[in-house]
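A.B. asks: got a sequence here, can you model it:
(chains A and B, ligands or ions: 2)
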Amino acid sequence: MTNTSPKSVIPSEPSKKTGAKLNFSNVPIPEKGVLLGWLRQMLLIREFEVRTMQAYQNRLIGGFCHIYIGQEAIAVGSIAAVNDDDPVVLAYRDHGHALARGMDPKNCMAEMFGRIGGCAKGKGGSMHMFDAEHYLYGGHGIVGAQTPLGTGLAFATKYEDEIINGGKSNHVTLCYLGDGALNQGCFYEAMNLASLQDLPVIFVLENNRYSMGTSIERGTSMAHDLRVKSEAHGIHHAIVDGKNVINLYQDFKSIADWCREESRPFFVEAQTYRYKGHSMSDPRKYRTKEEESNEEHNDCIDSLCAYLREESDVTEDAVKQMLRQVKSQVKQAVEWAKNSPEPPIEELYTDVYTDHWGPYTGTSKPEMLEGDA
Amino acid sequence: MSVATGERVIEFRDALREAMSEEMRNDTRVFLLGEEVAQYDGAYKVSKGMLDEFGERRVIDTPISESGFSGMAIGAAMRGLRPIVEFMSWSFSLVAADPILNNAAKMLYMSGGQFGCPIVFRGNDGAGGQLASTHSWSVESLYANVPGIKMAIPYDAYDAKGLLKTAIQDDNPVFFLESERLLSTTAHVPEEAYTIPFGKALTRRVGTDCTIISFGRPLHFCLEAAEELAKEGIDCEVIDGRTIRPLDIDSMVTSVKKTSACVVVDQSWSFASVGSEIASQIHAFCFDDLDNHVYRVHSDDVPTPYAYNLEQAYLPNSRKICEAVRQATYNA
Ligand SMILES: Cc1ncc(C[n+]2csc(CCOP(=O)(O)OP(=O)(O)O)c2C)c(N)n1
Ligand SMILES: [Mg+2]
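C.D. replies: Numbers count the residues shown, from 1 in each chain, chains lettered A, B, ... in the order given. Ligands and ions are numbered 1, 2, ... in the order given. Reported below is the predicted structural model:
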């Protein structure tokens, strides 16, 4: 098992195709201001999720809702390592990434409240966060479904950069998946295609060791060495500590730069843990309280705070102050979402097609909708 | 066949479990597989305790690999085993569309009768409550189009047990569509074994003015609408089709010949649907008996929205059914 606090693992072999070698040690630790920015983002995500759980319990949020607490460093560290216009595509545990990518918490919360101010006008909900402005191509509810989409987004950026714009491929796509998605066939098809076509996509496995109530050992063959999953497709891999935001950033920066430069895919296993249940109704009988508290002891936010205290003289008070600001920001987001109106009923019939058609009722003729698209 | 009135009242989910457990006790070829069915007791607790009774060789937790485990079960069924495959939701069966539609449905035919496929696929169908478009499929119309499968949709706990036992005993692939919204509803369910034959509709309310035909959860709204309409003096007959393949069109036709008006309520989309099929058959067989064309109530012809108000507007409900009945009976 490689579960004991892994450091970055450098791919054993350089790509046969490109002969390139990765250099993981070159990325310097960013300055204090940047680190504080990451701390703020992680605090924001955690506070946002706490409020999300409350709102769910108060029935302001419906459907399925998956909480990201414990895994914040992965979204923050990896997204910090790519450019603002690099595509990002997600599974359904997606609030944290949306916020890390820059979505306003108001719009994220309003989406879950099913309000018109939501990032998708309330049509998608918790599992389906889309934000074109931030190149966020959605959370996706069907396990694994986002992985071929990730390949496709990388296909598109490469096509645009090279064929349409006549330059060099210069984007990299981040495609996140849970350990449960390792068992869907489409993921292997996605990797195979990405490898065959030399597509710059990073498959980011957030290995929190459980898919619903199934531990990875029970659901996935070779769980002790997931590198084999990508090796079969000639795709480089790395195992990273999913709780250390600084390491995550450094590793993802190296990897993303390499993928961009070489136009090749990559598979990163970030080892982490979800503190809460799978969704809002999960008694968590499949794991021990002891395991949970051990994991919570090694927390991504605590460890960054400790680092900042020791290395950058950031005081406890400064962190508390930041937390207060974040709390008030999230509180405002909740209020804003509450005040955002429900989508008008006409929204039911928009966005089905780009032009106006329907809805078909089976008894009357399709009613053409009024107005412009 | 009428609804039982016994002493024991149990939940729909318990009735499903009882059907599976009885069949597994009677026939060692029967086994259950699916995501979280064993150690977790099922995502919706349908298989609660079954692992303890039957052990992990017969109650099998699968990874999230719908295409793989459906195909695996079909392979086992070709050898004569009788798998029950639980889809956490029928929405996820789309990942397994090829094995369930191309292999299960056509195995007998393509092998010239040599290899059958005695298998049951079961799980939640329909909108569950703000699950948004990927998780809210009503697959009945999509799959009913395919020859070679049977399809049953139980409405209450009594039917859940009787129909599921029939499904497991059937030598053909059966798509068994449950509703998460009904799992906690209760009914009288006899402890002893019984089966309900496929292709026999049940009249859930007797009436003279309009026939309302439906399946599964929307029947709840049909019955609600019938009570509402009774206050206006419109007396509805509510027919629970119980199975879509085979379809008991004879019972439906008999009813429509009596009432001369018909509304079909089908929670899937209207275009090329179970509702359109039934309407078409009623038009053909009751051409001279109908006072009006058949009216239909479906989910709106759009992907299922997440927002509560939009989802409510989208789904069939008793208000929409009342309106359709008033129109069908010229009371609008
Ligand atoms: C195709 C499909 N099957 C089943 C489900 C139900 N489901 C939702 S999440 C989940 C577990 C996924 O676990 P993992 O990929 O590890 O992600 P995590 O929840 O740990 O973030 C399951 C079984 C689904 N959404 N899609
Ligand atoms: Mg997981």
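
A.B. asks: only C-alpha atoms from now on, for both contacts and neighbour counts.
C.D. replies: Fine.

A.B. asks: for the host helix or strand of residue A:77, name the packing helices and strands.
C.D. replies: Element membership of residue A:77 [criterion: DSSP states H and E] is helix A:72-79. In terms of contacts (3 or more C-alpha pairs under 8 Å, 6 or more residues apart in numbering or on different chains; DSSP states H and E), helix A:72-79 is packed against helix A:32-57, helix A:95-100, helix A:245-262, helix A:300-312.

A.B. asks: what about the helix or strand following the third one, distance to the chain center?
C.D. replies: It stands for helix A:245-262. Downstream of helix A:245-262, the next assigned helix or strand under DSSP H and E is strand A:266-271. How far strand A:266-271 lies from its chain's middle: 13 Å, per C-alpha atoms, centre = their mean, to the nearest Å.

A.B. asks: list the buried residues in strand A:266-271.
C.D. replies: By neighbour count on 16 or more other C-alpha atoms under 10 Å in any protein chain shown, the buried set for strand A:266-271 is A:266-271.

A.B. asks: touching that strand from outside, list them.
C.D. replies: A:3, A:74, A:200-208, A:226, A:230, A:235-243, A:255, A:259 (C-alpha atoms under 8 Å, 6 or more residues apart in numbering or on different chains).

A.B. asks: these in strands, which ones?
C.D. replies: Members of those lying in strands (criterion: DSSP state E): A:201-207, A:236-241.

A.B. asks: turn the helices and strands packed on helix A:72-79 into a markdown table, including mean pLDDT.
C.D. replies: Formatted as a markdown table, the helices and strands packed on helix A:72-79 follow (pLDDT from 0 to 100):
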| stretch | mean pLDDT |
| --- | --- |
| helix A:32-57 | 98 |
| helix A:95-100 | 98 |
| helix A:245-262 | 96 |
| helix A:300-312 | 96 |
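
A.B. asks: who's in contact with the residue in the stretch 51-200 of chain B positioned nearest to ligand 1?
C.D. replies: Scanning the stretch 51-200 of chain B for the residue nearest ligand 1 gives residue B:92, at 4.6 Å (criterion: C-alpha to the nearest ligand atom). Taking C-alpha under 8 Å, 6+ apart, we find residue B:92 in contact with A:142, B:66, B:135.

A.B. asks: return the residues of chain B in contact with ligand 1.
C.D. replies: Counting by C-alpha under 6 Å from any ligand atom, the positions of chain B adjacent to ligand 1 are B:64, B:92.

A.B. asks: could you list the contact residues of chain B toward chain A?
C.D. replies: Taking C-alpha under 8 Å from any C-alpha of the partner chain as the measure of proximity, chain B contacts chain A at B:36, B:39-40, B:62-68, B:92, B:128-135, B:270-271, B:276, B:295-298, B:300-303, B:305-310, B:313-314.

A.B. asks: what about the closest residue to residue B:15 other than its chain neighbours, helix or strand, and which?
C.D. replies: Sequence neighbours aside, residue B:161 is the residue nearest to residue B:15 in space, at 4.9 Å (criterion: C-alpha to C-alpha, 6 or more residues apart in numbering or on different chains). Using DSSP H and E, residue B:161 sits within helix B:157-169.

A.B. asks: tell me which residues in the next helix or strand after that helix are buried?
C.D. replies: For helix B:157-169, the following helix or strand on the C-terminal side (DSSP H and E) is strand B:174-178. Under the neighbour-count criterion of 16+ other C-alpha under 10 Å, strand B:174-178 has B:174-178 buried.

A.B. asks: got the angle between the helix or strand where residue A:109 lies and helix A:32-57?
C.D. replies: Taking DSSP H and E as the definition, one finds residue A:109 inside helix A:105-112. With axes from the mean of the first three to the mean of the last three C-alpha atoms, to 10 degrees defining the directions, helix A:105-112 sits at 30 degrees from helix A:32-57.
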